[in-house]
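Whatever this is, show me its structure:
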Amino acid sequence: MENEVQKKRILSGIQPSGDLTLGSYLGAIRNWAALADEYDCYYMMADMHTITVRQVPAELRRHTLTQVAAYIASGLDPEKNVIFVQSHVPAHAQLGWVLDCYTMFGELSRMTQFKDKSAKNADNINGGLFTYPALMAADILLYQPDLVPVGEDQKQHVELCHTIARRFNGIYGDVFKLPEPFVPKVGARIMSLTNPAAKMSKSENEDTGRILLMDTPETIMRQFKRAITDSDTENCVRFDRENKPGVANLMTIYSAVTGKTFDQIETEFAGCGYGKFKPAVGEAVVETLRPIREEATRLMKDKGYLESVYKAGAEKAGYVAEKTLRKVYKKVGFVAR
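Residues are numbered from 1 along each chain as shown. The predicted structure is shown next:
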């Protein structure tokens with residue numbers, strides 16, 4: 001019990017805006033499973049962030065439950081990890097509003113994700129999209145974590161979280177812990193199969209560019225056979241992200257699922273064309289995802305079990321979050337309930 005108290009805490013989450021991708025798994029979720037013995041881990045379905053872009057309600061509910069099942073199927077043991085739905089813990093929205101009042105307009109204006117999402121959703125540039133980073137800061141700071149596993153594209157938001165926390169602490173004393181971003185070295189950034197300049201996204205419109213955790217083996221093989229490479233015919237399987245981004249992406253994926261180094265991959269496919277390399281990557285991914293897909297499918301049929309997991313998770317998360325929120329409310333001058 002004493003060791004548990006001393007464990008460092010980790011918090012992370014992924015929006016249930018679509019079925020999870022191979023990029024989500026290799027970049028984040030797979031690494032999370034190994035952390036449970038060493039850290040006190042909190043993982044959330046960030047459904048409140050998801051509605052900054054219009055959602056079909058039934059689809060959002062399905063994606064949220066599928067994501068809970070996929071987390072468990074990917075190795076996140078609910079007995080060792082706190083798995084919960086963001087909207088089930090009201091403290092997220094409550095602290096989010098307080099932090100809105102300690103976040104500067106200019107800071108939010110500079111967020112690259114706001115610019116990107118505004119460009120993609122020009123007919124729905126809403127206030128939530130703009131203040132999203134303040135809610136993300138609340139998500140993090142509520143749990144006083146030591147580490148926040150994030151993708152490269154989220155590091156800017158963690159830096160803003162630090163800025164907000166330092167500002168608040170500067171006024172009211174040491175209320176918030178300043179967490180460090182935790183970025184895994186391999187597989188942290190899996191790109192689209194058809195546009196290797198863009199991250200593989202569960203919400204991208206071009207289905208052929210992504211691999212979903214729940215895709216069938218046939219779909220996965222088809223996607224990899226269509227993957228963008230280049231016109232090289234000799235010594236074509238070599239790692240050169242700048243001049244051969246499509247091949248570099250496939251090598252990154254193959255390395256992440258097989259554990260082989262880039263040098264070993266180059267040796268394995270020396271003298272081979274893409275006609276041999278692309279199916280080999282596809283087959284390795286199929287075998288990696290097969291047990292996850294099968295287990296997640298089984299779990300989705302047991303709604304009672306999934307409900308017990310996310311309800312227990314919300315109870316544990318809520319207990320920790322409420323402690324931080326009470327402290328914040330007292331500091332800013334709110335009358336205690």
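
quick one, strands of this structure?
Using DSSP state E, the strands found in the chain span residues 8-14, 39-45, 81-85, 147-149, 180-182.

what angle sits between the third one and strand 8-14?
It stands for strand 81-85. Here strand 81-85 runs at 30 degrees with respect to strand 8-14, directions being taken by axes from the mean of the first three to the mean of the last three CA atoms, to 10 degrees.

Kindly provide the whole-number mean pLDDT of strand 81-85.
Mean per-residue pLDDT for strand 81-85: 98.

so what strands line up beside that strand?
Strand 81-85 has these partner strands in its sheet, going by DSSP bridges: strand 39-45 (parallel).

Buried ones in stretch 126-141, by neighbour count?
For stretch 126-141, burial by neighbour count (16 or more other CB atoms under 10 Å) applies to 129-141. Where you see a C-beta, it was placed from the backbone N, CA and C, and this is true even at glycine.

Which residues does it contact?
For stretch 126-141, the external contacting residues (CB atoms under 8 Å, 6 or more residues apart in numbering) are 11, 13, 44, 46, 48-49, 51-53, 86, 92-93, 95-96, 98-100, 103, 107-108, 111, 113-114, 117-118, 121, 148, 157-158, 160-161, 164-165, 176-177, 179, 324.

Go ahead and build a ChimeraX selection from the buried members of those residues.
Buried members of these, identified by 16+ other CB under 10 Å, are gathered into one ChimeraX selection as follows:
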select :11,13,44,46,48,49,51,52,53,86,92,95,96,98,99,100,103,108,111,113,114,117,148,157,158,160,161,164,165,176,179,324
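
among the contacts of stretch 126-141, which are in helices?
Secondary structure defined by DSSP state H assigns 48-49, 92-93, 95-96, 98-100, 107-108, 113-114, 117-118, 157-158, 160-161, 164-165, 324 of these to helices.

Which residues does stretch 237-256 contact?
Stretch 237-256 is touched from outside by 22, 26, 186-187, 189-191, 193, 196-197, 224, 227-230, 232, 236, 260-262, 265-266, 269-270, 272, 274, 277-278, 280-281, 284-285, with contacts defined as CB under 8 Å, 6+ apart.

what bridges to residue 84?
residue 44.

what's the burial count for it?
Using other CB atoms under 10 Å, the number of residues around residue 84 comes to 25.

repeat for residue 238
Burial measure for residue 238: 17 neighbouring residues, criterion other CB under 10 Å.

pLDDT score assigned to it?
In this prediction, residue 238 has a pLDDT value of 93.

what do you get for the one 3 residues further on?
Looking at residue 241, its pLDDT is 90.

That one: how many residues sit nearby?
Other residues near residue 241 number 13, with proximity taken as other CB under 10 Å.

And for the one 10 residues further on?
When neighbours are defined as other CB under 10 Å, residue 251 has 24 of them.

Next, work out how far apart the closest residue to residue 108 other than its chain neighbours and residue 83 are.
The spatially closest residue to residue 108, leaving aside those adjacent along the chain, is residue 130, at 5.6 Å (CB to CB, 6 or more residues apart in numbering). Counting by CB to CB, to the nearest Å, the separation of residue 130 from residue 83 is 29 Å.

same question, residue 325
The value you get for residue 325 to residue 83, if CB to CB is used, is 21 Å.

Look at those two and report which has more neighbours.
The residue with the greater number of neighbours, taking residue 325 and residue 83 and applying other CB under 10 Å, is residue 83; the counts read 25 against 21.

quick one: that one and residue 43 touch, right?
Yes: at 5.3 Å, residue 83 and residue 43 qualify as touching, with contact defined as CB atoms under 8 Å.

what sits in contact with each of these two?
By CB under 8 Å, 6+ apart, residue 83 and residue 43 have these common neighbours: 71, 76.

before we move on, the earlier item: pipe the strands of the chain into TSV and attach distance to residue 252 per row.
Written out in TSV, the entries for the strands of the chain read as follows (distance: least, CB to CB, whole Å):
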stretch	distance to residue 252
strand 8-14	20
strand 39-45	24
strand 81-85	26
strand 147-149	18
strand 180-182	19
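
Can you say which of these is nearest to residue 289?
Closest to residue 289 of these, according to CB to CB: strand 8-14, at 16.6 Å.

Dump that closest one to PDB, restricted to CA.
Provided in PDB are the C-alpha atoms of strand 8-14 (Å, rounded to 0.1, in the frame of the first residue of the first chain):
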ATOM      1  CA  LYS A   8       4.000   8.900  -9.800                       C
ATOM      2  CA  ARG A   9       0.700   9.600 -11.600                       C
ATOM      3  CA  ILE A  10       0.100   9.600 -15.300                       C
ATOM      4  CA  LEU A  11      -3.000  11.000 -17.100                       C
ATOM      5  CA  SER A  12      -3.900  10.900 -20.700                       C
ATOM      6  CA  GLY A  13      -6.900  10.600 -23.000                       C
ATOM      7  CA  ILE A  14      -8.100  10.300 -26.600                       C
END
